[in-house]
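**Q** Whatever this is, show me its structure:
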Amino acid sequence: MGASISTASNGLAARLKDATRDLHRQAERSGVMAELMQGRISRDVYCLMLRNLQPIYAALEVGLDAHNHADPSVQRLWRPELRRLPALEQDLDYLHAGADWRRDLPMLRAAAEYAERLERLARTDAVLLIAHAYLRYLGDLHGGQMLARIVRQGLGLKGELGTAFYAFGGGDAQKLEQLKLGFRVGLDALTLTPEQADAIVDEACEGFRLHASLFESVQGDGRLG
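**A** Numbers count the residues shown, from 1 in each chain. Predicted coordinates for the structure are as follows:
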């Protein structure tokens, strides 16, 4: 391993954004996400998408919790306000009302394999969880606010019922901006080796590829349903 460096001089947040820009666009245009972005999604297919994000958030947040006190890099970034799993499950309970979504909605292979990858990283190289935290939480903080409006309009929802997943800081715009800024500043303040920084960027790229595959799988299964 090389000498330890602070990524503030490199701008890890900017590196991640630049390296994943094209893959991010590709994921947004893939499968169910392309349909959602255009407001063309049924409640059943949206529930299927949430159901397959659920194991990913479960694995990611268990891993981040496990390393929050032992790993300074995780501790610098992981905030209780970022946690999405309870809100995601709350939305599934509401939208899949009167039924058991864990029983009724399939966990697709793409989601299971993604969750297994996160569990493996938590055991072997927890610093790489930062790449997936970047992908999910900054994405939810940014585009998630637009998606909440699209979902409400497309599914005829009122208030935050069914879209709690996107509600950070109780819907307070100032808190939302503070969370965005805090996460980016936290990324740039990490002390990592050059190899670790490179590995986080590579892992974020792979994370976007896995998301594109997942979105295609959800769309394909939704057509069969």
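**Q** For my notes, confirm Ala70 occurs in a strand.
**A** No - assigned with DSSP: H, G, I helix; E, B strand; the rest coil, Ala70 falls outside any strand and is coil.
**Q** Distance of it relative to Phe168?
**A** 26 Å (Cβ to Cβ, to the nearest Å). Bear in mind the C-beta positions are built from the backbone N, C-alpha and C, glycine included.
**Q** Glu203 now?
**A** Relative to Phe168, and taking Cβ to Cβ, Glu203 is found at 24 Å.
**Q** ok so, going back, which of Ala70 and Phe168 has more neighbours?
**A** Phe168 (22 against 9; other Cβ atoms under 10 Å).
**Q** can you tell me which residues contact the more buried one?
**A** By Cβ atoms under 8 Å, 6 or more residues apart in numbering, Phe168 lies in contact with Glu81, Leu82, Asp140, Leu141, Gly144, Lys175, Leu176, Leu179.
**Q** Poorly predicted segments of the chain, please.
**A** 1-10, 170-171, 222-225 (pLDDT under 70).
**Q** Which neighbouring residues are in contact with the residue most central in space within it, exactly?
**A** The residue lying closest to the centre of the chain (Cα atoms, centre = their mean) is Arg136, at 2.2 Å. Contact analysis of Arg136 by Cβ under 8 Å, 6+ apart lists Ile56, Tyr57, Leu60, Arg84.
**Q** ok, these vs His211, which is closest?
**A** The shortest approach to His211 among the contacts of Arg136 belongs to Ile56, at 8.9 Å (Cβ to Cβ).
**Q** Next, find the distance separating Ala212 from Thr124.
**A** Taken as Cβ to Cβ, the span from Ala212 to Thr124 is 24 Å.
**Q** So if I had to pick from these two, which one is more boxed in?
**A** Ala212 (20 against 8).
**Q** Am I right that that one is in contact with Arg25?
**A** No - with contact defined as Cβ atoms under 8 Å, Ala212 does not count as touching Arg25 (10.0 Å).
**Q** show me where this structure has strands.
**A** Per DSSP state E, the chain carries strands over the ranges 5-6, 191-192.
**Q** what's the burial count for Gly186?
**A** Neighbours around Gly186, by other Cβ under 10 Å: 20.
**Q** what's near enough to touch it?
**A** Counting by Cβ under 8 Å, 6+ apart, Gly186 makes contact with Arg76, Leu77.
**Q** quick one: it from Leu53, how far?
**A** Using Cβ to Cβ, Gly186 is found at 23 Å from Leu53.
**Q** Count residues in the vicinity of the nearest residue to Ala199 once chain neighbours are set aside, would you?
**A** Excluding the flanking residues, the one nearest Ala199 by Cβ to Cβ, 6 or more residues apart in numbering is Leu128, at 6.1 Å. Neighbour count for Leu128, taken as other Cβ under 10 Å: 23.
**Q** on contacts alone, who are the packing partners of the longest helix along the chain?
**A** Counting by DSSP state H, the longest helix found in the chain is helix 194-224. Contacts defined by 3 or more Cβ pairs under 8 Å, 6 or more residues apart in numbering; DSSP states H and E place helix 194-224 against helix 12-28, helix 31-37, helix 43-67, helix 109-124, helix 129-133.
**Q** How far does it sit from its chain's centre?
**A** With Cα atoms, centre = their mean, to the nearest Å as the basis, helix 194-224 stands 10 Å off its chain's centre.
**Q** cool, and stretch 56-68?
**A** 12 Å.
**Q** What residues sit buried inside that stretch?
**A** Ile56, Tyr57, Ala58, Ala59, Leu60, Glu61, Gly63, Leu64, His67, Asn68 (16 or more other Cβ atoms under 10 Å).
**Q** Before I go, just wanted to say thanks for your time.
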